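S.K.: got a predicted structure plus its sequence, pasted below:
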Amino acid sequence: MRVRFTKMQGAGNDFVVLDETRARLNLSAAQYQQLADRHFGVGADQILSVRPSPAAGIDFEYVIHNADGGEVEQCGNGARCFARYVLDKGLASSPRIKVQTLSGLIEPRVNEDGRVTVDMGPPVFEPARIPFDDAGLDPQPTGGWHRWHLALGTSADSTILPLAVLSMGNPHAVQEVEDVDSAPVATQGPKIEHHPRFPNRVNAGFLQIVDRAHVRLRVWERGAGETLACGTGACAAVVAGIRLGRLDSRVDVETRGGLLTIEWAGGAAPVLMTGPAVTVFEGEIELPDAS
Ligand SMILES: N[C@H](CCC[C@H](N)C(=O)O)C(=O)O
């Protein structure tokens, strides 16, 4: 089947955007994987589908698939590109929209300077809602950092990691490192992603705190591997640092693909994420029929 797409990126996290406002493409997991494949397809970290409003008062449905073909609850960098796309394509009449995702409503707004701010909703800490199996772990997270000490392996000498675990609609496990450039992202990332205490797997963040308003971050993403930036990962890392008492309520997050700004007033307040959203090219691809 022939598929028209728009390639976009937000801080280097890259996407194939599909307009399904007039008709569903009904793609299979294998076809999503094909679109995301950097050798045999277009190449992307995630595939974003723009679908019609599901209910009054909501402008669009926003559906996200990882490069591995699996559907997920949320994608922050993708939300900024989604807002840019529907405005540029004339599908939205306002720069501020309400969007339904698997994890609930988010509100992106395209700013005058072209950057996009998204109300990502409040973070979630209850293990069952992340989901995270904390059975048998220290119920009172130690050291102020609301974190659990997780063994990466089963042998006596396996690494024990102090991980902050929370959800931004999708699950995140964040650890503090001295220097992101030397952090063991490629080796520890997959072990954390597939750790049995995360029944739906997890995104693994590696956070370096530079000062109270500036951090550096790398993320091994569930279903995509290390990406140049992760919007929900930036939200989760800043929320964890604020709960630790180490960060202010507005933080610049330096990622390998660009700068994101995260704001959170604490408690049940929403997390606001601001960053770039760029259209790279338009194209068409011949996809093998659903398998
Ligand atoms: N890999 C994530 C989805 C994409 C999140 C990321 N690209 C972002 O900008 O938030 C997950 O499986 O939950």
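M.R.: Arrived safely.

S.K.: what parts of the stretch 51-200 of the chain come near the ligand?
M.R.: Within the stretch 51-200 of the chain, the residues that sit near the ligand (Cβ under 6 Å from any ligand atom) are 66, 72, 75, 76, 77, 78, 170. No exception for glycine: its C-beta is placed from N, CA and C like everyone else's.

S.K.: in helices, which of those fall?
M.R.: 76, 77, 78 (DSSP state H).

S.K.: distance to residue 52 and pLDDT added to these, as TSV?
M.R.: Shown next, in TSV, are those (distance: Cβ to Cβ, whole Å; pLDDT from 0 to 100):
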residue	distance to residue 52	pLDDT
76	22	98
77	23	98
78	18	98
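
S.K.: out of the residues you listed, which are buried?
M.R.: Buried subset of these (neighbour count, 16 or more other Cβ atoms under 10 Å): 76, 77, 78.

S.K.: and the gap between the second one and residue 7?
M.R.: The spacing between residue 77 and residue 7, counted by Cβ to Cβ, to the nearest Å, is 14 Å.

S.K.: next one: residue 279
M.R.: Taken as Cβ to Cβ, the span from residue 279 to residue 7 is 8 Å.

S.K.: same check on residue 185?
M.R.: Residue 185 is 25 Å from residue 7, where distance means Cβ to Cβ.

S.K.: not counting its neighbours along the chain, what's nearest residue 79?
M.R.: residue 118 (4.7 Å; Cβ to Cβ, 6 or more residues apart in numbering).

S.K.: before we move on, the earlier item: mind picking the two most distant members of the residues of the stretch 51-200 of the chain next to the ligand?
M.R.: Farthest-apart pair in those is 66 and 76; separation 13.7 Å (Cβ to Cβ).

S.K.: got the contact list for the nearest residue to residue 76 once chain neighbours are set aside?
M.R.: Leaving aside its chain neighbours, residue 76 sits nearest to residue 231 (2.1 Å; criterion: Cβ to Cβ, 6+ apart). Neighbouring residues of residue 231 by Cβ atoms under 8 Å, 6 or more residues apart in numbering: 10-11, 13, 75-80, 118, 120, 260, 273, 275.

S.K.: again, but for residue 79
M.R.: 62, 99, 101, 106, 108, 116, 118, 120, 231.

S.K.: which pLDDT value belongs to the last one?
M.R.: Right, the one you point to is residue 231. Residue-level confidence at residue 231 comes out at 98, pLDDT.

S.K.: again with the fifth one
M.R.: In the predicted model, residue 108 carries a pLDDT score of 98.

S.K.: roughly how far apart are the nearest residue to residue 71 once chain neighbours are set aside and residue 30?
M.R.: Excluding the flanking residues, the one nearest residue 71 by Cβ to Cβ, 6+ apart is residue 65, at 5.3 Å. Distance, residue 65 to residue 30, using Cβ to Cβ: 11 Å.

S.K.: all helices for the chain, in order.
M.R.: Going by DSSP H, the chain shows helices at 29-36, 76-88, 185-193, 231-244.
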